[in-house]
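> Sequence isn't available, so here's the structure alone:
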């Protein structure tokens, strides 16, 4: 597998919905990698508000046309998806120490499956250290202010989902 491209990274997540914290990691990831694949995981364990197709579309609308970015979705194991993309790095954002323990276990498991793929942890920027998709959804459901936390396309989608006044 030496043909893997070292300049390609995969940034996986459920992105239900994508937040400004995710966008921070994407933008900073583009400073490190030539190509970044934002990969929406098909996770049956999570009860998603948005369908996979809605999430992919919101991300594409938010990111616009950038030849260095690809938005995709995948079923199954992340490590298999990364190998199929001929990427060498999984990019993961960390908000707090509590994120690290879980992410570290997943990274170790992935490395045991495929030693050629590394996981790179990027600390979230300070303004987004508390931000999560779950918190955003709860704020939207309770008619709280979400403008500072999500891009406009996501705000519009949340407003529609929760019947909020536009």
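That came in fine, so what should we check first? Predicted, not measured: the structure shown is a model, and the values here were computed from it.

> Any idea how many residues pack against residue 75?
11 (other Cβ atoms under 10 Å). (Glycine included, C-beta is placed from N, CA and C.)

> ok, now how distant is it from residue 134?
23 Å (Cβ to Cβ, to the nearest Å).

> what are the ranges of the helices in this structure?
For the chain, the helices defined by DSSP state H occupy 20-32, 52-63, 78-84, 97-113, 133-141, 152-161.

> out of those helices, which comes closest to residue 126?
Between residue 126 and those, the tightest spacing by Cβ to Cβ is seen for helix 20-32, at 10.0 Å.

> and that closest one, what does it pack onto?
Here helix 20-32 touches strand 5-13, strand 35-41, strand 87-94, strand 118-123, going by 3 or more Cβ pairs under 8 Å, 6 or more residues apart in numbering; DSSP states H and E.

> Could you tell me which ranges of this structure sit under the pLDDT cut-off?
Along the chain, the model assigns pLDDT under 70 to residues 1-6, 44-46, 165-166.

> ok, now with 50
Scanning the chain with the threshold set as pLDDT under 50 gives 1.

> Which residue is the nearest non-sequential neighbour of residue 140?
Nearest non-adjacent residue to residue 140, counting by Cβ to Cβ, 6 or more residues apart in numbering: residue 158, 4.2 Å away.

> same question, residue 90
Nearest to residue 90 is residue 119, by Cβ to Cβ, 6+ apart, at 4.6 Å.

> and that neighbour, how many neighbours does it have?
Residues near residue 119, counting by other Cβ under 10 Å: 19.
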